[in-house]
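Peer 1: predicted coordinates and the sequence they were generated for:
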Amino acid sequence: MATTATVIEFTDDDISPLVERMDALTRRGDGWINIGPGLTPEEFAALPTRSTVAKWVSGRGPAVPMATWTPASTKGRGSPAQIGLAHGTGPNALERLKDAGLSLPSGWQKKQDHAKNGIVAELPATVDHEAVIGWLLAAISELSDRVAAGPDWIAEAYGG
């Protein structure tokens, strides 16, 4: 069964459409949301392209960071909510974020910080969705070395 994305456009000043969708997916306990900068067609066209082979053998992630959020699930054994952040800035991104004043918030548990596969963290059960979005947008902006991130953002929500 194919899953269709719901596109959510939002800004730094109004994240409420994204918070509402996160709340809905949390109630359902499934789905996910991908979040990234709302690039103009000109910005997107200016991004460097890599061949399929280069993507496969490269030790780096995408040129433009993309975050993913998943709600906690009660299916099967259950799983906590998670965030992921794919980026192309190389290894030890969490250290660079920490140096920029963006340490993982208290209660967030690092699961991965990999040059190609990105950052993955599990979130506490009581995490505030606005806080999650705030940290993710700041981290995307900090790790964006090709384009300026924000104030316009786009998310694709799956499920719910």
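Peer 2: Cool, got the structure.
Peer 1: what's residue 136 sitting at in phi/psi?
Peer 2: With angles defined as degrees, to the nearest 10, residue 136 sits at phi -60, psi -40.
Peer 1: is residue 79 bridged to anything, and to what?
Peer 2: residue 73 (DSSP bridges).
Peer 1: now it: how far from residue 38?
Peer 2: According to Cβ to Cβ, to the nearest Å, residue 79 stands 30 Å off from residue 38. (C-beta placed from N, C-alpha, C; glycine too.)
Peer 1: any chance you could map the strands in the chain?
Peer 2: Shown for the chain, the strands assigned by DSSP state E span residues 6-11, 32-37, 66-70, 82-86, 109-114, 118-122, 152-158.
Peer 1: quick one: contacts for the residue nearest the centre of the chain?
Peer 2: For the chain, the residue sitting closest to the mean C-alpha position, by Cα atoms, centre = their mean, is residue 67 at 1.0 Å. If a contact means Cβ atoms under 8 Å, 6 or more residues apart in numbering, then residue 67 has 34, 35, 36, 83, 84, 85, 86, 136, 139, 140 as its contacts.
Peer 1: and the furthest pair within those residues?
Peer 2: Maximum pairwise distance in the contacts of residue 67, criterion Cβ to Cβ, is 14.4 Å, between 34 and 139.
Peer 1: rewinding a little: export the strands of the chain to CSV and tack on distance to residue 99 and mean pLDDT?
Peer 2: Shown next, in CSV, are the strands of the chain (distance: least, Cβ to Cβ, whole Å; pLDDT from 0 to 100):
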stretch, distance to residue 99, mean pLDDT
strand 6-11, 27, 94
strand 32-37, 22, 94
strand 66-70, 20, 96
strand 82-86, 16, 96
strand 109-114, 14, 95
strand 118-122, 15, 96
strand 152-158, 24, 93
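Peer 1: I am finished for the moment; much appreciated.
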